[in-house]
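S.K.: Sequence first, predicted coordinates after that:
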Amino acid sequence: QNYPLYIRSTPTENELKFHYMVHTSLDVVDEKISAMGKALVDQRELYLGLLYPTEDYKVYGYVTNSKVKFVMVVDSSNTALRDNEIRSMFRKLHNSYTDVMCNPFYNPGDRIQSRAFDNMVTSMMIQVC
């Protein structure tokens, strides 16, 4: 199922543009997963790297073993972010997502409304900007 459980964008004036990029990148993630095939199942970390660059943004992807997809859109002018930093941000995001899933009051498939998850995403966004 390819519906977003959590979307956060800064600045908010181009939010519709970010929604479009996220939905478009989900198709690219599916293509990369099917192209990797069985080799993907054997890996523990499923960092997909750069999905596609646009003129203004770079879109990165990550997939968990349970097929949960994470997409991150970063400003292209930010040259300080290297592949290792993006990878560690996805690991941090995955760990926080796991904490949300372990909450007995969270119903899988619902939108994520956890304050702790939101604070972690906010801190990552501040760190990048």
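M.R.: Ah, there it is.

S.K.: use CA for all of it now, contacts and neighbours both
M.R.: OK.

S.K.: Toward the C-terminus, what is the element adjacent to the helix or strand harbouring residue 85?
M.R.: Following DSSP states H and E, one finds residue 85 within helix 83-101. Following helix 83-101 in sequence order, the next helix or strand is helix 115-128 (DSSP H and E).

S.K.: so what secondary structure elements neighbour that following helix?
M.R.: helix 83-101 (3 or more Cα pairs under 8 Å, 6 or more residues apart in numbering; DSSP states H and E).

S.K.: Ramachandran coordinates for residue 75?
M.R.: phi -60, psi 130 (degrees, to the nearest 10).

S.K.: Roughly how far does it sit from residue 115?
M.R.: 25 Å (Cα to Cα, to the nearest Å).

S.K.: ok, the two, which is more surrounded?
M.R.: residue 75 (16 against 10; other Cα atoms under 10 Å).

S.K.: what stretches of the chain score poorly on pLDDT?
M.R.: Along the chain, the parts satisfying pLDDT under 70 run over 1, 37-45, 129.

S.K.: packing partners for the biggest helix by length in it?
M.R.: Using DSSP state H, we find that the single longest helix of the chain is helix 15-36. Under the contact criterion of 3+ Cα pairs under 8 Å, 6+ apart, helix 15-36 touches strand 47-53, strand 57-63, strand 69-75.

S.K.: Off-centre distance for stretch 98-113?
M.R.: Relative to its parent chain, stretch 98-113 has a centroid offset of 17 Å by Cα atoms, centre = their mean, to the nearest Å.

S.K.: Buried ones in it, by neighbour count?
M.R.: Buried residues in stretch 98-113, defined by neighbour count with 16 or more other Cα atoms under 10 Å: 100, 112.
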